[in-house]
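Participant: show me how the following folds:
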Amino acid sequence: MTKTVVAIFDSHSQAEDAAYIIKEKGLRDVDISIITKQTEDSNLENKRGRNDDIDDGVLTGGVLGGLGGLAIGVGSLVVPGLGIIAAAGPIVGILGGAVAGGVVGGLIDLGIPEDESRRYEKEIKEGRVIFSMKCSSEHEDDIKGILENCGAKEIKSH
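Facilitator: Below you'll find the predicted structure:
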């Protein structure tokens, strides 16, 4: 059975760390989505010093620039009520095709209930980072453990 595991982080670097650990464990990094509100003071440095395959111009401000070694798409979108958000993973295509539905609609498309999606959108507005990953039930506990070890303040499965 497929689950969507969702975590709330206080910083995008924590979410990036979790994504890299998941990749190092051999799990499908293409199933990871990360959403954060982009601000003018967002970190422009790739703290890992990796040779990123993400074009510097793709992501205004470089908010999720450290994700270059992962096989996930990254982009910036303007979402009414949120401003500019930085997103990575399957959520990029979902939001890009239906910005009118905003983040809530995109999260619902990832399998997250509407009431939880609205709460996650509020967390993004307040500056936190939403990490989601589709996974099989057999990997759910491993992923939750990684997210917890990387500093997730809340973790749920849907």
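Participant: residues near residue 132, how many?
Facilitator: Counted by other CB atoms under 10 Å, the residues lying close to residue 132 total 25. Quick note: C-beta positions are derived from backbone N, CA and C, even for glycine.
Participant: show me the contacts for it.
Facilitator: The contact partners of residue 132, taken as CB atoms under 8 Å, 6 or more residues apart in numbering, are 4-7, 32-34, 89, 91, 107, 110, 112.
Participant: so when I look at it, I'm seeing a strand, right?
Facilitator: Yes: checked against DSSP: H, G, I helix; E, B strand; the rest coil, residue 132 lies within a strand.
Participant: tell me what it is bridged to.
Facilitator: Here residue 132 shows beta-bridge partners residue 6, residue 33, assigned using DSSP bridges.
Participant: relative to residue 27, how far out is it?
Facilitator: Separation of residue 132 from residue 27 (CB to CB, to the nearest Å): 14 Å.
Participant: cool, residue 113 as well?
Facilitator: Taken as CB to CB, the spacing of residue 113 relative to residue 27 amounts to 24 Å.
Participant: higher neighbour count, these two?
Facilitator: residue 27 (19 against 12).
Participant: can you tell me the SS state at the more buried one?
Facilitator: coil.
Participant: residue 134 is in contact with that one, correct?
Facilitator: No: taking CB atoms under 8 Å as the contact criterion, residue 27 and residue 134 are not neighbours in contact, 10.6 Å apart.
Participant: re earlier: tell me which of the contacts of residue 132 is nearest to residue 147?
Facilitator: Lowest distance from residue 147 to the contacts of residue 132 (CB to CB) belongs to residue 7, with 4.3 Å.
Participant: check the closest one and give its pLDDT.
Facilitator: The predicted local confidence for residue 7 comes out at a pLDDT of 97.
Participant: now it: closest residue in space that isn't a chain neighbour?
Facilitator: Sequence neighbours aside, residue 152 is the residue nearest to residue 7 in space, at 3.7 Å (criterion: CB to CB, 6 or more residues apart in numbering).
Participant: I believe the one you found is in a helix; please confirm or correct that.
Facilitator: No: when the secondary structure is assigned by three-state DSSP, residue 152 falls in coil instead of a helix.
Participant: state the distance from it to residue 5.
Facilitator: Distance check for residue 152 against residue 5: by CB to CB, it reads 10 Å.
Participant: do the same with residue 32
Facilitator: Summarising the geometry, the distance separating residue 32 from residue 5, computed by CB to CB, is 10 Å.
Participant: between these two, which is the more surrounded one?
Facilitator: In terms of neighbours (other CB under 10 Å), residue 32 is the more surrounded of residue 32 and residue 5; the figures are 27 against 23.
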